[in-house]
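J.: Task: produce atomic coordinates for the following.
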Amino acid sequence: MQFDDAPIGIFDSGFGGLTVAREVIKALPEESVIFYGDRAHCPYGPRDPEEVKGFVLKICQWLVNRNVKMIVIACNTATAAGLEAAQQAFDIPIIGVVEPGARAAARATRNRRVGVIATKGTVESGVYTKAIRNIDAGITVFSTATPRFVEIAELGIRMAKGPIENYTSLASKVYIRPEFQEIAQDYLDPLRRSEIDTLVLGCTHFPLLKALIGGVVGSHVKLISSAKEVSLDCKDLLTRREALAQPGHIPIYQFASSDPDVEEFASFGERVLRMSLGQVEFAPLG
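T.: From the prediction side, this is the model:
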């Protein structure tokens with residue numbers, strides 16, 4: 001059996017991809033991780049797909065220069081815009097978050113009516129509809145852009161002040177504020193009326209809002225987060241390629257941001273990951 005102690009590279013337009021990093025660290029506790037958050041260009045959702053593809057290729061190059069053994073594009077918009085180009089440009093495995101989420105949704109639905117909430121860029125790309133229907137052409141997909149959910153997710157992290165160990169309960173109280181519930185109902189009521197039984201959280205920020213979203217769509221609707229599915233795909237891919245870290249390997253976690261305010265990144269990150277991020281590197285995307 002061969003082993004590879006090189007790190008896994010993970011990136012996102014901002015903080016949301018840390019939910020993916022959290023699941024990868026949980027599933028593969030001996031693997032080192034380098035996470036890059038492109039805060040300087042966040043959000044990707046409203047941007048032109050060609051521009052986003054350019055960001056994806058630059059970040060992948062940055063990670064390849066750090067000798068990562070695989071890359072996870074932990075952003076739905078970036079996956080839709082740049083996954084294919086990145087896979088063609090680099091000779092290490094690169095996976096996105098769309099296919100694992102689509103696969104989980106197709107398996108979960110019973111009435112074959114699946115909702116997708118995501119950024120404008122992801123919805124307009126039609127990438128989830130295509131991925132889900134490639135698995136089961138009989139599934140009807142209802143997609144809705146929910147751009148303000150990114151804003152709410154990040155605002156909630158800022159508002160949930162207090163000890164990290166109490167973060168989950170603090171955040172839950174923040175996210176169920178009446179003004180946030182009103183926005184959620186405006187976005188989600190049409191999907192509820194479409195009688196979906198499964199809802200894909202098509203942005204890596206959205207798992208932070210599970211309590212808010214679940215409270216509007218109802219407990220009978222299964223919420224699909226691609227983060228856990230991606231971590232299982234990472235484990236499977238590295239196992240098959242005999243590229244897992246050696247047993248007992250002590251992992252190193254590194255974090256970088258394209259925004260000079262690395263202290264804010266560290267503050268957000270420690271709440272999502274429930275651990276200290278240490279020194280976050282300022283790495284402009286140039």
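
J.: With just CA atoms, put the host helix or strand of Val114 into CSV.
T.: Under the criterion of DSSP states H and E, Val114 resides in strand 113-118. Below are the C-alpha coordinates for strand 113-118, written out as CSV (Å, rounded to 0.1, in the frame of the first residue of the first chain):
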residue,chain,number,x,y,z
ARG,A,113,-39.7,16.5,-7.2
VAL,A,114,-36.5,18.2,-6.2
GLY,A,115,-35.8,21.8,-5.3
VAL,A,116,-32.5,23.6,-5.7
ILE,A,117,-31.6,26.9,-4.0
ALA,A,118,-28.4,28.6,-5.0
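
J.: So in that sheet, which strands flank it, and in what orientation?
T.: Sheet pairing of strand 113-118 (DSSP bridges) gives strand 140-145 (parallel), strand 198-202 (parallel).

J.: hey, which of the ones you listed is tucked in deepest?
T.: Of the strands paired with strand 113-118, the one with the most neighbours on average (mean count of other C-beta atoms under 10 Å) is strand 198-202, at a mean of 28. Yep, even glycine has a C-beta here, placed from its N, CA and C like the rest.

J.: what does the average pLDDT come to for that one?
T.: For strand 198-202, mean pLDDT is 96.

J.: confidence score at the closest residue to Lys120 other than its chain neighbours?
T.: Among residues not flanking Lys120 along the chain, Ala145 sits closest, at 4.5 Å (C-beta to C-beta, 6 or more residues apart in numbering). As predicted, Ala145 sits at a pLDDT of 95.

J.: can you tell me how far Ala145 sits from Pro190?
T.: 12 Å (C-beta to C-beta, to the nearest Å).

J.: Also Glu23?
T.: Glu23 is 30 Å from Pro190, where distance means C-beta to C-beta.

J.: of the two, who's got more company?
T.: Glu23 (21 against 11; other C-beta atoms under 10 Å).

J.: can you pull the contacts of that one?
T.: Listed by C-beta atoms under 8 Å, 6 or more residues apart in numbering, the contact partners of Glu23 are 227-228, 230-231.

J.: Quick check: the gap between it and Lys228.
T.: 5 Å.

J.: And for Met1?
T.: 26 Å.

J.: Least confident secondary structure element in this structure?
T.: helix 167-175 (a mean of 59; mean pLDDT, DSSP states H and E).

J.: out of Met1 and Lys228, which sits in the more crowded spot?
T.: Per other C-beta under 10 Å, whichever of Met1 and Lys228 has more neighbours is Lys228, with 20 against 7.

J.: can I assume that one sits in a helix?
T.: Yes. Counting by DSSP: H, G, I helix; E, B strand; the rest coil, Lys228 is part of a helix.

J.: List the contacts of it.
T.: 23, 27.

J.: Can you read off the pLDDT for it?
T.: pLDDT, Lys228: 86.
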